[in-house]
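In: the following block contains a protein sequence and its predicted model.
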Amino acid sequence: MEWRWDFTFDVVLPRLWEAAGITVYATFASFFLALIGGLVLMLLKTAKNPVVSGIATELIELIRATPLLVLIFFLFFVLPEFGLTLPPLATGILAIAIYNSALMAEVYRAGLQAVPKGQWEAAIALNLSTYKTFRRIIIPQTLPPIVPALGNYLIAIFKETPLLSFVAVAEMMHAAKLIGSEYYRFTEAVTIAGLFFLVMSLVSAQLVRQVETYVKRSIQH
Amino acid sequence: MSEPKIRFDKVLKAYGPLKVLEDLDFHVDASEVVTIIGPSGSGKTTVLRVLMTLEPIQGGVMYVDGEPLNMMMSDGQLVPASKAHVRRIRDKIGMVFQSFNLFPHMTALENCIEAPIHSKGMAKSKAIDESMDLLAMVGLADKRDHYPSQLSGGQQQRVAIARALAMRPEILLFDEPTSALDPEMVGEVLSVIRRLAESGDYTILLVTHQMGFARDVSDRVCFFDGGRMVEQGKPEALFGHPRNERLKQFLSKVLEAV
Amino acid sequence: MAIPRIAFIFAITAFLAGLGVATFSELRIFLPALLRGAVVTVQVSVLSIALFLLTAFVAGIARAFGTAPVRWSAAIFVEVFRGTSLLVILFWFFFVLPEFGVVMPPMVAAVLGIGLNFGAYGAEVVRGAVQSVPRGQTEASIALNMTQFKRMTRIIIPQAVVITIPGLSNLTIELIKATALVSAVTLTDITFASVQQNQLHYRTLEIFAITVLLYYCLAQFIRFGGGWLEDHFSRHLKPRSA
């Protein structure tokens, strides 16, 4: 068996290129939903009502104990039973978003906890409104730890999108699999899909590091 | 006069452009107890660290019993020392650190027998016998099965001394051995060092801020400043009639603080 | 914290018991298939964990202390197996390697893929731990004239192992969850079994509740074990309370 460049250029690259669009779309859609979902879960978890915070805490634990693939299949099967029939891509994005919301809730919480209590007290002493306290005092201090952590989740989500191929979403792994079964050769398609993930992860990891230093600098002035 | 126990020949230690030791010529005779004093950043600790081969030097040669340590003879030429050569010479040197550096996952006795067994190849029963004698000597025989975290700072440092002695060194290096201790524990450690100094069995090089102790136990005191040995002499002379201006300033500050 | 957790587990168990009674016939139909899947999940997990730990320590220590070529090979291994997605790696072992004449049974491909993927993550945990052992420990070993090998095996690594326990047990839990992907290499683990059973019997809630409960229990088992190991080994390492 050897590498065939004509096959690579004529078949593999065009089809993977098409699928890469879905991969990137799924990544960002899941990420933004998870950003919001994580915030909601964090707010619920830190709610004053012990019942609300207790349920949120256990929900987070339950989601974290569940493999992402199980969650994808579960939504795929259970949503239609509740009369909600979504296309596989939407279901998959929802599953990835829910899964990562539970993880991101912890990131937000850790970021908030990193702000010393004295900062809140100083804001009260200066008679700042709640909005101003968050906008001017708290959020700027929570960003340096949160932003890089969220960036790493973006990379993690990107590497989770191949799981959508299990419910036949036409992302890159699915395309590679289809090419393999149509032409009886997997080498080029799977290798290039792997290289795509590798290069994107390495580049994004580098970007996250740069954002990290940028945020740190811009906060410290 | 025979070859000194330790001899530094134009030793240079630099971090980039910063020279910590500059062309240092220095020697210690057998069984001599030498204390190095000086302000922080004077290079006094570095003398011990380069001799223990914890840090490489950039120039010069260090000799132990007339044999080069960081270099070795090959075909009549001095060449950079091999690992085996360094290990053979280094076997004569033991060191006690400011922060004890006991192995936290081993008991007091295990700390002491570790190197004799695994570095010298001593039989375990013999290592235990010798180490128990040493622990008794530092007054900690009953703590043999305690872990470092279960010992006070003074006790940890005494175990560290026993651990260094267990390797049967001829030269002992003490790097500010009481600086990390609470004041009430300084005495117990100094009394152990004093006994070692008075036994005459060891060549001792001590870095300390305890001026009174240095005056008591030392045969000779060296004052370092800015990477150079500025003045040296018998303790009475050096403390009683300092000549160098920097030494006078240093002593007045240190003695004032006490 | 412990009481709501216990209450929650109790609630789930009661819920499942209720479901079991309510749908006894169905439970009897799909439970054996799920249990067979669970056995595969546990088999893959145990073997992968062994490979994961081995790889993590070898690559982590190589990256921290190896000579330049060793360090570089370890770094490339870590970046490649972390940077690609686990599913891609599984595919590559199972579908691409045979095209080069390397054919391996599904179980071997699954264990290799999962073990090496997580081993790459674990290597970074081990490297961090080894490098966080205080410098004074190395200096004391030099002062005691120990060889580099003895210094590693008797002083540095024993202390580093304790530091790695929380990080490696978290990764172990993630690894067990990641075994859900092994149907990609034609193994029928509990996740795939539940998909199959669901398509036959349409008892989505019950089937997936049982599946999630299995993963949850395995995770708790690892968390408990990791906590115990950490307590056991760090007993003497914590500074004594003033």
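Out: In hand now; what should we look at?

In: low-confidence ranges, chain C, go.
Out: For chain C, applying pLDDT under 70 flags the ranges C:1-8, C:18-27, C:237-242.

In: now do the phi/psi pair for the residue in chain A that chain B sits nearest to.
Out: Residue of chain A nearest chain B, by CB to the nearest CB: A:T213 (24.5 Å). C-beta coordinates here come from the backbone N, C-alpha and C atoms, glycine included. Main-chain torsions, A:T213, degrees, to the nearest 10: phi -70, psi -40.

In: how near is it to C:R127?
Out: 22 Å (CB to CB, to the nearest Å).

In: with neighbour numbers in mind, choose between those two.
Out: Each of A:T213 and C:R127 has its neighbours counted (other CB atoms under 10 Å in any protein chain shown); C:R127 has more, 23 against 11.

In: for the longest helix seen in chain C, name the packing helices and strands.
Out: Longest helix in chain C by number of residues (criterion: DSSP state H): helix C:24-65. In terms of contacts (3 or more CB pairs under 8 Å, 6 or more residues apart in numbering or on different chains; DSSP states H and E), helix C:24-65 is packed against helix C:68-83, helix C:106-132, helix C:157-178, helix C:190-201, helix C:204-234.

In: for B:K234, which of those helices is the nearest?
Out: helix C:157-178 (44.4 Å; CB to CB).

In: quick check: buried residues in that closest one?
Out: Going by neighbour count (16 or more other CB atoms under 10 Å in any protein chain shown), the buried part of helix C:157-178 is C:157-173, C:175-178.

In: residues of chain B that sit close to chain C?
Out: Residues of chain B lying near chain C by CB under 8 Å from any CB of the partner chain: B:52-54, B:87, B:90-91, B:93-95, B:97, B:99-105, B:114-115, B:118-120, B:147-150, B:163-164, B:167, B:173.

In: what secondary structure does the residue in the stretch 151-258 of chain B that chain A sits nearest to sit in?
Out: Nearest to chain A, among the residues of the stretch 151-258 of chain B, is B:A180, at 29.6 Å (CB to the nearest CB). The three-state label given to B:A180 by DSSP: H, G, I helix; E, B strand; the rest coil is coil.

In: give me the number of residues near it?
Out: Applying other CB under 10 Å, we find 14 residues neighbouring B:A180.

In: how near is the residue lying farthest from the centre of chain C to B:I171?
Out: In terms of distance from the mean C-alpha position of chain C, C:A143 ranks first, at 38.6 Å (CA atoms, centre = their mean). Per CB to CB, C:A143 is found 11 Å from B:I171.

In: shared neighbours of those two, anything?
Out: In the contact map built from CB atoms under 8 Å, 6 or more residues apart in numbering or on different chains, the residues linked to both C:A143 and B:I171 are B:I93, B:G94.

In: contact partners for the nearest residue to C:T186 once chain neighbours are set aside?
Out: Spatially, and ignoring its direct neighbours in sequence, C:T186 is nearest to C:P106 (5.0 Å; CB to CB, 6 or more residues apart in numbering or on different chains). Taking CB under 8 Å, 6+ apart, we find C:P106 in contact with C:F94, C:V182, C:V185, C:T186, C:L187.

In: and the first one, what does it touch?
Out: Contacts of C:F94 were listed using CB under 8 Å, 6+ apart, and they are C:M104, C:P106, C:A109, C:G113, C:A184, C:V185, C:T186.

In: let's see it at 10 Å
Out: A:186, A:190, C:103-106, C:108-110, C:112-113, C:182, C:184-186 (CB atoms under 10 Å, 6 or more residues apart in numbering or on different chains).

In: nearest residue to the middle of chain C?
Out: C:T172 (2.4 Å).

In: A:I72 against A:A97, yeah?
Out: No - in this structure, A:I72 is not within contact of A:A97 by CB atoms under 10 Å, at 11.2 Å.

In: neighbour count: the two, which is higher?
Out: In this view A:I72 and A:A97 are compared by other CB under 10 Å, and A:I72 has more residues nearby, 27 against 21.

In: now do the SS call for the closest residue to C:P98 other than its chain neighbours.
Out: Leaving aside its chain neighbours, C:P98 sits nearest to C:M104 (8.0 Å; criterion: CB to CB, 6+ apart). Counting by three-state DSSP, the backbone at C:M104 sits in coil.

In: tally of neighbours for C:M104?
Out: C:M104 - counted by other CB under 10 Å - has 15 other residues nearby.

In: give the contact list for it.
Out: Contacts of C:M104 (CB under 10 Å, 6+ apart): C:F93, C:F94, C:L97, C:P98, C:A110, C:V111, C:L112, C:V185.

In: turn the residues you listed into TSV, including distance to B:V189.
Out: As requested, those are exported to TSV (distance: CB to CB, whole Å):
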residue	distance to B:V189
C:F93	60
C:F94	64
C:L97	63
C:P98	68
C:A110	59
C:V111	55
C:L112	55
C:V185	63
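
In: wait, the residue of chain A closest to chain B sits on A:Q206?
Out: No - contact between A:T213 and A:Q206 fails when scored by CB under 10 Å: they sit 11.3 Å apart.

In: now do the helices in chain A.
Out: With helices called from DSSP H, chain A shows them at A:5-7, A:13-45, A:50-65, A:68-81, A:88-113, A:117-125, A:130-132, A:139-160, A:172-183, A:187-220.

In: look at stretch B:78-89 and report the distance between its end residues.
Out: 15 Å (CA to CA, to the nearest Å).

In: can I get the helices and strands packed on helix C:24-65 in CSV including distance to A:A175?
Out: Formatted as CSV, these follow (distance: least, CB to CB, whole Å):
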stretch, distance to A:A175
helix C:68-83, 20
helix C:106-132, 20
helix C:157-178, 22
helix C:190-201, 22
helix C:204-234, 28
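
In: isn't A:A19 up against A:L89?
Out: No - the pair A:A19 / A:L89 is not scored as a contact, 11.7 Å apart, by CB under 10 Å.

In: which residues are in contact with each of the two?
Out: Here A:A19 and A:L89 share the contacting residues A:V169, A:A170, A:E171, scored by CB under 10 Å, 6+ apart.
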